[in-house]
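**Student:** I'd like to go over a predicted model; first the sequence, then the structure.
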Amino acid sequence: MNYGIAFTPLVPAIVLWLALAAIVVIALVLLLARARGAAVRVAALALVLLALANPSFTREDRDPLTSVAAVVVDKSPSQNFGNRNREAAQAQEALVDSLKKIKGLEVRLVEAGQADGETDGTKLFGALASALADVPVDRVAGAFLITDGRVHDIPANAAALGFQAPVHALVTGQKDERDRRIAITAAPRFGIVGQSQTINYRLDDQGVSGERAKVTIRRDGEVINERTLGSGQSASVDVDIKHAGPNIVEIEASPLERELTPVNNRAVVAIDGVRDKLRVLLVSGEPHSGERTWRNLLKSDASVDLVHFTILRPPEKQDGTPINELSLIAFPTRELFQQKINEFQLIIFDRYARQGVLPIAYFDNIARYVRSGGAVLVSAGPDYASNTSIWRTPLDSVLPAEPVGVTEKPFYAHLSDIGKRHPVTRGLEGSASEPPRWSRFFRTVDTRNAVNPPVMTGVDGKPLLFLSRFGEGRVALLLSDHIWLWARGYEGGGPHLDLLRRMSHWLMKQPDLDEEALRLQVQGKDLVVVRQTMADSVQPVSVTSPSGV
C-alpha cells in the first residue's frame with residue numbers, strides 16, 4: 001500500500017509555470033524592497049497557485065506481477081534409449097520443486113517432441129515460444145530445456161527467441177555414448193521406369209572417429225550394391241527403376257560396437273516409378289465397326305504412344321495393281337515382331353486372323369514376349385473360332401481358352417463372382433442391377449479348357465472376358481467384338497471407357513490394379529493398412545516398428 005499526492009490542474013500546465021515564475025519575481029522584488037507584509041503577500045499568491053494545481057491525497061493498493069519461467073521436457077522417441085526418460089523425470093521433479101520455492105515466480109511445464117505429427121525432428125524452441133506467447137517480454141525470467149541434446153529448431157540468434165532471458169539445458173544420457181546413422185542427403189521422389197535415379201547418402205558416427213562400416217543397398221529386398229565407408233564419408237548409388245509404383249530402396253550400415261541404437265543405421269527411400277510413354281501396338285485384322293473404339297480410347301490417353309495397323313489387303317489378294325501404285329503402307333512385321341517387340345508394353349489383336357501376314361515364327365516370339373513380362377489383349381470375333389484363328393499358332397500356349405464355335409444370340413454381360421472382386425471389373429457402373437444397366441451384345445465366341453475362371457460372363461453363363469497371367473506377363477481375352485455398341489450408346493450404352501482403360505492398364509501392370517496388394521497409407525496420425533485380395537478371407541497382417549516390436 002502506497003500513499004501520495006496527485007495533481008489535477010484546473011488550468012493548462014503552461015499557465016501554472018508562468019504563474020510560478022511571476023510569483024518568484026514578485027517575491028524577489030518585495031523582499032529586496034523590504035516591503036511591509038511581503039511574506040503574507042507571497043504566501044497568498046502561493047496558495048492561489050496551489051489551488052489552481054488542484055492537489056489531492058492518494059492511496060494506492062499494488063499487487064506485484066509474477067515472473068514466468070518455462071520448463072520444456074523432451075519427450076521425443078530418442079529419449080527412450082537407456083535411462084534417459086528416468087533421468088529426465090528426476091530432473092523435472094527436482095527443478096520444478098526448486099523453482100516453485102522462489103517467491104513471485106510462475107512455473108510453466110511443457111512437454112514437446114512426442115508423437116504429435118512431427119516428422120522433421122525434435123522442436124523444443126517452438127514449444128517454448130508457444131508456452132510464453134501470452135507473457136510480456138519483461139516478465140520472462142528464463143527457460144529450462146530437459147533434453148538429450150538432439151534439437152532441430154535452435155534459433156540462429158538470441159533475438160529470434162522473442163525474449164531476453166537466460167536459457168539453460170539439462171542434458172540426459174552419458175558422456176561416452178556412441179551412435180551410427182545413415183543420413184540421406186539427396187533422393188528423388190519419382191523416376192522413369194527403365195531409367196536409373198541417384199541417391200546420395202552419408203555415414204555419420206557420433207562419439208567415435210576413424211571407424212569404417214559396410215554399407216548394403218537393397219531394392220525391394222534385393223541386394224544391388226555393397227561398399228565400405230569411413231565415418232563422415234558421403235557416397236551415391238544409382239538405382240534402376242524396375243517397375244511402376246513404389247520402388248523401396250534400403251541403405252543399411254553395419255552396427256557400431258556398443259552403439260546407442262542400431263535403429264538409425266538404416267534409411268529407406270521410396271521412389272515412385274512412372275512410365276514416360278506406354279507404347280501400344282494395335283493390329284486390326286480387318287476394318288469393322290469396333291475398330292475406332294479401340295483407337296479412340298488409346299489416342300485419348302496422353303501417356304500412350306499408339307502404333308496402329310489395319311490389314312486392308314492381305315497377301316493372297318491379287319488384283320493386278322502394281323505395288324508402286326498402292327496407297328497402302330506395308331506392314332513392317334520383322335521390325336515390329338522381331339526387332340522391336342520388347343519396346344511395346346501392350347500388343348492388341350483386334351479381330352485378327354492368320355492371313356499370311358505374320359509368319360508362324362513371329363507368334364512364337366509373341367508367346368516368349370508374354371512369358372518374359374509383356375502383355376497381349378485379344379478382342380475376338382468370329383475370327384477366333386475360324387480355321388485361321390490365332391489359337392492355331394504357338395500363341396495358344398499363352399491364350400486363356402480354346403475356341404469351339406460362335407453363338408449369335410443377344411445377351412447381357414454379367415460380372416462373375418471373381419469379377420465382382422477383381423480390380424479391373426469391380427464396381428463397374430450399372431453392374432449392381434439385374435440385368436445390368438448396359439446394352440446387350442449379340443455375338444460371343446464359345447470356348448473350352450479355360451486356364452482360369454472368367455471375370456465376365458455372357459450367354460447362359462459362358463465366359464466373356466478372361467484376365468490371365470503367364471510367366472511374368474499378362475493376357476486378356478475378350479470373346480465378343482460388340483463392345484463398340486456400348487461406345488455408340490446403343491440401348492443406353494455401357495461403361496466401355498472404364499472397362500477398356502482398366503483392362504489396358506492392368507495388362508501394363510498398373511500397381512493400383514493388382515489383384516493381390518498390401519499398401520500402407522498415412523492418414524493424419526494413423527498408419528492405415530490396406531489389403532487387396534481375390535481370396536475369400538485374409539490372413540492377419542503383421543506390422544513391425546523400427547524398434548523390432
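**Tutor:** That came through, no problem.

**Student:** following the host helix or strand of residue 269, which helix or strand comes up?
**Tutor:** Here residue 269 sits within strand 266-274, counting by DSSP states H and E. Counting by DSSP H and E, the element after strand 266-274 in chain order, helix or strand, is strand 278-284.

**Student:** returning to that earlier point: how distant is the strand holding residue 269 from the center of its chain?
**Tutor:** 11 Å (Cα atoms, centre = their mean, to the nearest Å).

**Student:** who does that strand pair up with?
**Tutor:** strand 190-192 (parallel), strand 245-253 (antiparallel) (DSSP bridges).

**Student:** ends of stretch 212-227, how far apart?
**Tutor:** Length of stretch 212-227, first residue to last, Cα to Cα, to the nearest Å: 10 Å.

**Student:** Run the chain-centre distance for it.
**Tutor:** Its chain's average C-alpha position is 25 Å from that of stretch 212-227, according to Cα atoms, centre = their mean.

**Student:** Next, the buried residues of it.
**Tutor:** For stretch 212-227, burial by neighbour count (16 or more other Cβ atoms under 10 Å) applies to 213, 215, 216, 217, 218, 219. C-beta here means a position set from N, CA and C on the backbone, and glycine is covered the same way.

**Student:** and the nearest residue to the last one once chain neighbours are set aside, what is it in contact with?
**Tutor:** Meaning residue 219. Among residues not flanking residue 219 along the chain, residue 249 sits closest, at 5.3 Å (Cβ to Cβ, 6 or more residues apart in numbering). Residue 249 sits next to 199, 217, 218, 219, 239, 268, 269, 270, 271 when contact means Cβ atoms under 8 Å, 6 or more residues apart in numbering.

**Student:** Try it again at 6 Å.
**Tutor:** The contact partners of residue 249, taken as Cβ atoms under 6 Å, 6 or more residues apart in numbering, are 219, 239, 269.

**Student:** any idea how far it lies from residue 514?
**Tutor:** 20 Å (Cβ to Cβ, to the nearest Å).

**Student:** now swap in residue 422 and tell me
**Tutor:** If you go by Cβ to Cβ, the gap between residue 422 and residue 514 works out to 10 Å.

**Student:** Those two: which is more packed in?
**Tutor:** residue 422 (20 against 14; other Cβ atoms under 10 Å).

**Student:** Surely that one is in contact with residue 455?
**Tutor:** Yes - counting by Cβ atoms under 6 Å, residue 422 does reach residue 455; the two are 4.9 Å apart.

**Student:** Buried deepest among the strands paired with strand 266-274, which one?
**Tutor:** Among those, strand 245-253 has the highest mean neighbour count (mean count of other Cβ atoms under 10 Å), at a mean of 18.

**Student:** got any ranges where the stretch 151-300 of the chain has weak pLDDT?
**Tutor:** Of all residues in the stretch 151-300 of the chain, none has pLDDT under 70.

**Student:** on that earlier part again, and the strands paired with strand 266-274: which comes nearest residue 406?
**Tutor:** Evaluated with Cβ to Cβ, these place strand 245-253 nearest to residue 406, the distance being 39.4 Å.

**Student:** Distance from the closest one to the middle of the chain?
**Tutor:** What separates the centre of strand 245-253 from the centre of its chain is 15 Å, taken as Cα atoms, centre = their mean.
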